[in-house]
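Visitor: Sequence below, structure please.
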Amino acid sequence: AHGPVSIAADALHKTIKLAAGQKTSLAVPLTAAGIGRADLNVKLTGPNLEVAQDLAIKIEPGTSELYRRMLKPLAPGESITLSSDLLAEFLPGTGRVSAAISPLTGINVAALLQSLDRYPFGCSEQLVSRALPLLYVNKLANLESLAIDTGVSDRVQKTIDRLLARQDSNGTFGLWGANDADDMWLHAYVTDFLTRAREQNYSVPQKAFDMALERLRNYVANTSQIEAGQAAPLAYATYVLARNGRPVMSDLRYLADTQLASFDSPLSRAQLGAALALLGDRPRSAKVFAAADQSLAAAKDSLFSRVDYGSRLRDGAGVLALAIEAGASSGEIERAIHVVENARDAIGITNTQENAWMVLAAEALADKAAAIDISDDDIERKGTYYRTWTAAALEGKTVKITNQSSAPTQIAITTMGNPYVPEPAGGKGYQIERGYYTLAGDRLDPTKIKQNDRFVVTLKVTETQAAYARLILTDPLPAGLEIDNPDLFDGGSVAALSWIKSDIQPAHTEYHDDRFVAAFNRDGKNKATFSLAYIVRAVTPGHYILPAATIEDMYRPQRYGRSGFGTLDVTTAK
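Guide: Numbers count the residues shown, from 1 in each chain. As a prediction, the model looks like this:
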């Protein structure tokens, strides 16, 4: 055995005697001793026989990743020391520490990139949010200091290819696939990413790209009266078209002169202003950015998700990035910085939209970091400072960071990893309950499962109030189990579980070897309780961690539900 797995000494070698025609099986008990990949080299020798096989086992943490963030002022000449003590609560091999000092106080780009990189879901918005910052990452810091794997170009290109596979015949991109391509704000977001990728010399097929732009042009041309929900995608469409040099000046002037009040989000106004600047109308651009500044100053965060994926923090970061791009006044830029810093401090958990736009805002401000003068371990580092250390990099050493400039600054320190102690069951806005049943519909004790047993996993979600939301449900699968029937969304195919039947069906489902995932689109009209189920098979005897099942609003992650944490035992079949 190699890697984080242990085998008892008496199980490493076995001698087997077989009579003619006899069969036998051999059990080799394994214990997970850490996180990562373990390799097993198995050899069988006998009279006129020598065969070998190499096996790989991925060992994952049983707890969800946890982020902790702190801000600390650094006076001129003051130092702070980082050590592995910061990672004491995390399982070995999972912990990382990120530090940031930048013009955007408290925004830790290294931690944002790490969070985006490890986000497990794959809708089109999240694919773009993970890949968009990578187009500019080299301007922010080198990949080694950010602890980002190499191969960024390949990852961006693969994202482009995955997105193009979700393009409908009319040119629109869907959230999970081409069959749900009806979200124009999302379509503009994907096309914005493809535009920026082309600017960075990535390969985007011309025909597919032209179809995407033509869909935006048709949307702008056919929107004469701005109805509810149309303003945000309309503004984004005009910006993307202007960035590609398409003729939308007459539309922009009409919108800026007569319809500006209809654009109620700060980001949509900033996108109109940036589009005008791109096409050379600076006076109107300045007027629209002033309106965006006023809207941002008055913005309040809603408790629930918005159709345009937005929040005060996302809008602030977007306004900031676009204002710098368009050459807005220094006062407007400074006010946007203030909003972003305050909005970031006001929330604990950020979503993919907020993270991506914060990275873009930080990239836009990168040239304004000349006054930052930092040293770590006596190595001088001028300008924006972003670094990430893995647990291994901090093992047995410390890192001393000193403010060498003549002005005070602030350092943002983020620790991330999988904790030893799991988060308790609970929630805010949602409850989720997980149950186990036999195929006959009887309750099943998860500590009394035998190898080859087939049984039903049920998941019941309760909304405590009606709210618009894009929900993602995740049920991690304990090692030792495999999904056997992925088509059982409700209990209709198991008569005794007919109570599971639900009028609310998933918008998307995924079946992995380590988890079940379902996405739901909730319109907020009525609160509901809904259930779903799937069948699993016990395949490997052992004692396993049973991670919590979760449901969360992807764009208000503060609203979530989490089940209990436990263990599951699979005994050997007799």
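Visitor: ok, and what's touching stretch 20-36?
Guide: Contacts with stretch 20-36, where a contact means CB atoms under 8 Å, 6 or more residues apart in numbering, come from 1, 3-8, 11, 14, 16, 18, 38, 40, 57-61, 91-94, 418, 541, 572. For every residue, glycine as well, the C-beta is placed using N, CA and C.
Visitor: again with stretch 460-470
Guide: Under CB under 8 Å, 6+ apart, the answer for stretch 460-470 is 303-307, 429-435, 471, 473, 519-531, 551, 553-556, 559, 561.
Visitor: For PyMOL, write a command that selects the buried ones of the residues you listed.
Guide: Buried members of these, defined by 16 or more other CB atoms under 10 Å, are picked up in PyMOL with:
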select buried, resi 304+305+306+429+430+431+432+433+434+435+471+473+519+520+522+530+531+551+553+554+555+556+559+561
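Visitor: Let me see the contact set for the residue positioned nearest the centre of the chain.
Guide: With distances taken as CA atoms, centre = their mean, Tyr119 lies nearest the centre of the chain, 3.0 Å away. By CB under 8 Å, 6+ apart, Tyr119 lies in contact with 126, 129-130, 352.
Visitor: how much space between it and Gly62?
Guide: 19 Å (CB to CB, to the nearest Å).
Visitor: Ile57 falls within a strand, correct?
Guide: Yes. According to DSSP: H, G, I helix; E, B strand; the rest coil, Ile57 belongs to a strand.
Visitor: and the residue nearest to it when sequence neighbours are not counted, helix, strand or coil?
Guide: The shortest distance from Ile57 to any non-neighbouring residue, by CB to CB, 6 or more residues apart in numbering, is to Ala38 (4.7 Å). Recorded secondary structure, Ala38: strand (three-state DSSP).
Visitor: Let me see the contact set for Ala38.
Guide: 1-5, 30, 32, 56-59.
Visitor: between the residues you listed, which is nearest Ile535?
Guide: Ranking those by separation from Ile535, with CB to CB as the measure, puts Lys58 on top at 23.6 Å.
Visitor: Can you name the residues bridging to the closest one?
Guide: Arg37 (DSSP bridges).
Visitor: From the contact counts, what lies against the strand or helix carrying Ala290?
Guide: In the assignment (DSSP states H and E), Ala290 maps to helix 282-298. Packing contacts for helix 282-298, counted by 3 or more CB pairs under 8 Å, 6 or more residues apart in numbering; DSSP states H and E, involve helix 249-258, helix 266-278, helix 312-326, helix 330-346.
Visitor: and with 6 Å instead?
Guide: Where contact means 3 or more CB pairs under 6 Å, 6 or more residues apart in numbering; DSSP states H and E, helix 282-298 is packed against helix 266-278, helix 312-326, helix 330-346.
Visitor: coming back round to it: filter the contacts of Tyr119 down to the buried ones and express that as a ChimeraX selection.
Guide: This is how ChimeraX selects the buried members of the contacts of Tyr119, with burial counted by 16+ other CB under 10 Å:
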select :126,129,130,352
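Visitor: Could you dump the contacts of Tyr119 into a markdown table and include secondary structure, pLDDT and distance to Thr24?
Guide: Listed next are the contacts of Tyr119 as a markdown table, based on DSSP: H, G, I helix; E, B strand; the rest coil; pLDDT from 0 to 100; distance: CB to CB, whole Å:
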| residue | secondary structure | pLDDT | distance to Thr24 |
| --- | --- | --- | --- |
| Gln126 | helix | 94 | 48 |
| Ser129 | helix | 95 | 53 |
| Arg130 | helix | 92 | 49 |
| Thr352 | helix | 93 | 51 |
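Visitor: Dump the contacts of Tyr119 into TSV; add distance to Val340 as well.
Guide: Shown next, in TSV, are the contacts of Tyr119 (distance: CB to CB, whole Å):
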residue	distance to Val340
Gln126	21
Ser129	17
Arg130	20
Thr352	17
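Visitor: Which pair in the contacts of Tyr119 has the greatest spatial separation?
Guide: The most distant members of those, if one measures by CB to CB, are Arg130 and Thr352, lying 7.2 Å apart.
Visitor: Give me the buried entries from the contacts of stretch 20-36.
Guide: Buried among those (16+ other CB under 10 Å): 1, 3-5, 38, 40, 57, 59-61, 91-94, 418, 541.
Visitor: Minimum pLDDT in these, which residue is that?
Guide: In terms of pLDDT, the lowest of the buried ones among the contacts of stretch 20-36 is Gly93, showing 88.
Visitor: May I have the phi/psi pair for it?
Guide: When read as degrees, to the nearest 10, the backbone of Gly93 gives phi 90, psi -10.
Visitor: Read off the pLDDT value for the closest residue to it other than its chain neighbours.
Guide: Closest residue in space to Gly93, ignoring its immediate chain neighbours: Ile35 at 4.0 Å, by CB to CB, 6+ apart. pLDDT recorded at Ile35 is 92.
Visitor: Kindly report the same for Asp503.
Guide: 81.
Visitor: related to what we said a few turns ago, would you quantify the distance from the residue nearest to the centre of the chain to Pro103?
Guide: 26 Å.
Visitor: again, but for Leu175
Guide: Counting by CB to CB - Leu175 and Pro103 are separated by 34 Å.
Visitor: ditto for Val220
Guide: Distance from Val220 to Pro103, by CB to CB: 35 Å.
Visitor: one step back: ok, and which of the helices and strands packed on helix 282-298 has the densest surroundings?
Guide: Of all the helices and strands packed on helix 282-298, helix 266-278 carries the top mean neighbour count, a mean of 28, counting by mean count of other CB atoms under 10 Å.
Visitor: helices or strands up against it?
Guide: So helix 266-278, by 3+ CB pairs under 6 Å, 6+ apart, packs with helix 231-243, helix 282-298, helix 312-326.
Visitor: Determine which of these approaches Arg69 most closely.
Guide: helix 312-326 (13.6 Å).
Visitor: any idea where the strands of the stretch 351-500 of the chain begin and end?
Guide: Listed in chain order, the strands found in the stretch 351-500 of the chain under DSSP state E, counting those that start in this stretch are 373-376, 379-382, 385-390, 398-403, 409-417, 426-428, 430-438, 449-450, 454-463, 468-476, 481-485.
Visitor: want to throw the ones you listed into CSV with distance to Ala165 and mean pLDDT?
Guide: Putting these into CSV (distance: least, CB to CB, whole Å; pLDDT from 0 to 100) gives the following:
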stretch, distance to Ala165, mean pLDDT
strand 373-376, 43, 91
strand 379-382, 41, 88
strand 385-390, 32, 90
strand 398-403, 43, 95
strand 409-417, 31, 94
strand 426-428, 34, 94
strand 430-438, 31, 94
strand 449-450, 38, 94
strand 454-463, 29, 93
strand 468-476, 20, 96
strand 481-485, 24, 88
